[in-house]
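>>> Need the 3D shape of this:
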Amino acid sequence: MTNWTTVREFILLGLTDNFPLEVSLFLLLFGIYLLTLIGNTLIIIITQVNVQLCSPMYFFLRYLAWVDIGYMSTVIPKALVNIATGSKSISLAGCFIQIFLYLVLGTTEFLLLAAMSVDRYIAICNPLHYPTIMNNQVCSLLVFYCLAGGISLSLVVCIPLFLMPFCGPNVMNHFFCDNGPLIKLVCADTSFLEMIDFVVALFFLFGTLSVNLVSYVKIISTILRIPSTTGRKKTFSTCASHLTVVTIAYSGCIFMYIKLKGTSGLDYNKMVALLNAVMAPLLIPIIYCLRNRQVQDALKAELRQRIGFSKN
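As a prediction, this is how the structure comes out:
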């Protein structure tokens, strides 16, 4: 295919053209972004330095926090700069980089959640062999495979899209470069691109969702066989935070494919994309701090230790 691209930049229409509303959105997004950075950085530090949180579950949680910081940073800072400066443009190369990183980090997050489900399954259903199966080498390999899988699946989607010609128009009704809106600007038949998007999304979402569902069906069946109520509650509490995060993550994806009656397709997609970009990265550290007793105890212990050192 001869690439006859003439577009050198794209215009992002953003979330709204109402100036007072833009100011409110800027302050809201800036506040959420700061809270997300603080919360996920706290998770990274506490799982790195505290000996109580040296299990595989918190090893995966630390990398999930890194991915969430990157995922949100791919989208929100550029959106904030565009609102603050009034500039709505993004270069062709910048657009391609943003799409690729957004897909890689988003895909890696779902793969990590699936790996965490398998970890919880082994810990609850096969506790005697858990330390042997989920050793440091296996955990590191799983994280590597999650990142490699995210990159591979994203390349399958991105390479055909980036080889397409863009000759105008260059106006994208979105607040960041996403592959869906970009496909609409291709100056060629896009049926092949749309088919690739659909097949990859179907394979990826159903694949990772199946891993989560099978793991939790087995986990719940094992928990129900525990004779004491206290034992069942204690065992289930070890995976309650992860199950909540999985529910939030997949709910966002489901809403991406369900258009509410009476809503404009593009505006609805922008709203859901915004929620996906900020909701999970913000809520994951909150959920683990509020619902996980070990994280709470580790945070309190570290705070007491730091305060004690500062007084001395």
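>>> Run a quick check on V200 versus V156, I expect a contact.
Yes - judged on CB atoms under 8 Å, V200 makes contact with V156 at a distance of 5.7 Å. Placement of C-beta: from N, CA and C, glycine included.
>>> where does the chain dip in pLDDT?
1-5, 256-268, 290-292, 302-303, 306-312 (pLDDT under 70).
>>> which residue sits closest to F96, ignoring its sequence neighbours?
Nearest residue to F96, sequence neighbours excluded (CB to CB, 6 or more residues apart in numbering): F162, at 5.4 Å.
>>> what's the neighbour count on that neighbour?
19 (other CB atoms under 10 Å).
>>> now the helices for this structure?
Secondary structure of the chain (DSSP state H): helices at 19-49, 56-85, 92-125, 130-133, 136-162, 179-183, 191-224, 229-257, 265-291, 293-311.
>>> Out of those helices, flag the one nearest R8.
With CB to CB, the closest approach to R8 among the helices of the chain belongs to helix 92-125: 5.5 Å.
>>> Next up, the contacts around T74.
Applying CB atoms under 8 Å, 6 or more residues apart in numbering, we find T74 in contact with Q98, L101, Y102, L105, F176.
>>> now it: how far from L101?
T74 sits 5 Å away from L101 when distances are taken as CB to CB, to the nearest Å.
>>> picking up where we left off before, kindly reformat the helices of the chain as JSON lines containing distance to V7.
Formatted as JSON lines, these follow (distance: least, CB to CB, whole Å):
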{"stretch": "helix 19-49", "distance to V7": "25"}
{"stretch": "helix 56-85", "distance to V7": "18"}
{"stretch": "helix 92-125", "distance to V7": "6"}
{"stretch": "helix 130-133", "distance to V7": "51"}
{"stretch": "helix 136-162", "distance to V7": "13"}
{"stretch": "helix 179-183", "distance to V7": "11"}
{"stretch": "helix 191-224", "distance to V7": "16"}
{"stretch": "helix 229-257", "distance to V7": "26"}
{"stretch": "helix 265-291", "distance to V7": "19"}
{"stretch": "helix 293-311", "distance to V7": "47"}
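>>> Between those, which one is closest to P169.
helix 179-183 (11.7 Å).
>>> Pretty sure I223 sits against Y121.
No - assessed by CB under 8 Å, I223 is found out of contact with Y121, at 11.4 Å.
>>> Tell me who's in contact with the spatially closest residue to G39 that is not a sequence neighbour.
Excluding its sequence neighbours, the residue lying closest to G39 (CB to CB, 6+ apart) is P285, at 3.3 Å. Residues counted as contacts of P285 (CB under 8 Å, 6+ apart) are T36, G39, N40, L42, I43, A65.
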